[in-house]
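A.B. asks: okay, sequence plus prediction incoming.
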Amino acid sequence: MTTVKYEVVQHDGGWAYKVGDVLSETFRSHAAAHEAAEAAARRQRVAGATDGIEYEDARGVWHQEVAEGTDRPDTEVKDD
């Protein structure tokens, strides 16, 4: 199973959380950024509805798949 990691970091004169190279908005305090990361991690684990999806790949080919709403990743908040 995939684990999505949220990391609390200093950013732009305040604090943010990031997943991979993507940063959240900037928060004024470390505690606020940590709380927001925990909330985002909780939402990521919530099951949704199974539904059909369509997407275009980098070569311009369209694909149709079924996305299982119960296929949710584990999450983790890293805060050193």
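C.D. replies: Looks like it came in fine. Numbering: from 1, shown residues only.
A.B. asks: okay, strands next: where are they in this protein?
C.D. replies: Using DSSP state E, the strands assigned to the chain run over residues 3-11, 14-19, 22-23, 51-56, 62-67, 74-78.
A.B. asks: among those, which is the most enclosed?
C.D. replies: Most buried of the strands of the chain, by mean neighbour count (mean count of other Cβ atoms under 10 Å): strand 14-19, with a mean of 19. In short, each C-beta sits where N, CA and C put it, glycine included.
A.B. asks: only alpha carbons, please: show that strand as CSV.
C.D. replies: The C-alpha trace of strand 14-19 is given here as CSV (Å, rounded to 0.1, in the frame of the first residue of the first chain):
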residue,chain,number,x,y,z
GLY,A,14,6.2,30.9,8.4
TRP,A,15,5.4,27.2,8.3
ALA,A,16,3.8,24.9,5.7
TYR,A,17,3.4,21.3,5.0
LYS,A,18,4.4,19.6,1.8
VAL,A,19,3.7,16.3,0.0
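A.B. asks: which residues does it contact?
C.D. replies: For strand 14-19, the external contacting residues (Cβ atoms under 8 Å, 6 or more residues apart in numbering) are 4-11, 23-30, 32-34, 36-37, 40, 77.
A.B. asks: low pLDDT regions in the chain?
C.D. replies: 1 (pLDDT under 70).
A.B. asks: put the alpha carbons of stretch 34-42 into PDB.
C.D. replies: Extracted C-alpha coordinates of stretch 34-42, given in PDB (Å, rounded to 0.1, in the frame of the first residue of the first chain):
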ATOM      1  CA  HIS A  34       1.000  20.700  11.900                       C
ATOM      2  CA  GLU A  35      -2.700  20.800  12.600                       C
ATOM      3  CA  ALA A  36      -3.400  21.500   8.900                       C
ATOM      4  CA  ALA A  37      -1.100  18.600   7.900                       C
ATOM      5  CA  GLU A  38      -2.900  16.200  10.300                       C
ATOM      6  CA  ALA A  39      -6.300  17.300   8.900                       C
ATOM      7  CA  ALA A  40      -5.200  16.800   5.300                       C
ATOM      8  CA  ALA A  41      -3.800  13.400   6.200                       C
ATOM      9  CA  ARG A  42      -7.100  12.400   7.800                       C
END
